[in-house]
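Chemist: Provide a 3D model corresponding to the input given below.
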Amino acid sequence: MSKIIIYTDGAATGNPGPGGYGVVLLSSHHRKELSEGFRLTTNNRMELLAVIKGLEAMKKTDLDITVYSDSKYVVDAVEKGWLFGWERKGFAKKKNPDLWKRFLLVYRQHKVRFIWIKGHADNVENERCDRLAVAAAAGHQLQVDSYYESTKDQADLFD
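Modeler: Here you go, the predicted model:
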């Protein structure tokens, strides 16, 4: 089985505001792009959702996957192990617990490593993800980020 590479990016206008994610999946000569927009969300939620959607797109488990992201929020949380401490503490006072729990379910089905890349630094696939995310956020049929919209008045949930 060839190695899977996933590039991800998230965007939000206004933060919070309309947002979107973009994903590029690569394996051998196969390529797939994913994107979706939301009417009210945050940049960090879209960065994390992009990774989740990329991992959820896998049709098999136990794959070797490398995720390239320009999100320090996502990459550091996983690679520096903070996420696992947050999980042990029940995500108390942490932002985006709904997405982190969803992430952990799919993350644990594979062998995933993260590589942080600088955004807007002429990385072709990262730039493509950025364009997908921004276009999705500007779309006309935006989805509802139900968790975020139901909790947005709680100050500790803002990015």
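Chemist: hey, let's count contacts and neighbours off CA atoms from now on
Modeler: OK.
Chemist: so residue 118 touches residue 68, yeah?
Modeler: No. When contacts are counted by CA atoms under 8 Å, residue 118 is not listed as touching residue 68 (9.8 Å).
Chemist: So the two - more neighbours on which side?
Modeler: residue 68 (22 against 14; other CA atoms under 10 Å).
Chemist: give me the element the more buried one is part of.
Modeler: strand 64-69 (DSSP states H and E).
Chemist: So in that sheet, which strands flank that strand, and in what orientation?
Modeler: Using DSSP bridges, the strands paired with strand 64-69 are strand 4-12 (parallel), strand 111-116 (parallel).
Chemist: Quickly compare those strands and say which is most buried.
Modeler: Most buried of the strands paired with strand 64-69, by mean neighbour count (mean count of other CA atoms under 10 Å): strand 4-12, with a mean of 27.
Chemist: With adjacent residues omitted, what lies nearest to residue 142?
Modeler: residue 38 (4.6 Å; CA to CA, 6 or more residues apart in numbering).
Chemist: helix or strand for the one you found, which one?
Modeler: Going by DSSP H and E, residue 38 is part of strand 30-41.
Chemist: neighbouring contacts of that strand?
Modeler: Outside strand 30-41, the residues that touch it by CA atoms under 8 Å, 6 or more residues apart in numbering are 12, 15-26, 53-54, 132-133, 136-139, 141-145, 148-149.
Chemist: Tell me the buried residues in the next helix or strand after that strand?
Modeler: Once the chain leaves strand 30-41, the next helix or strand it forms, by DSSP H and E, is helix 43-56. Within helix 43-56, the residues scored as buried using 16 or more other CA atoms under 10 Å are 43-56.
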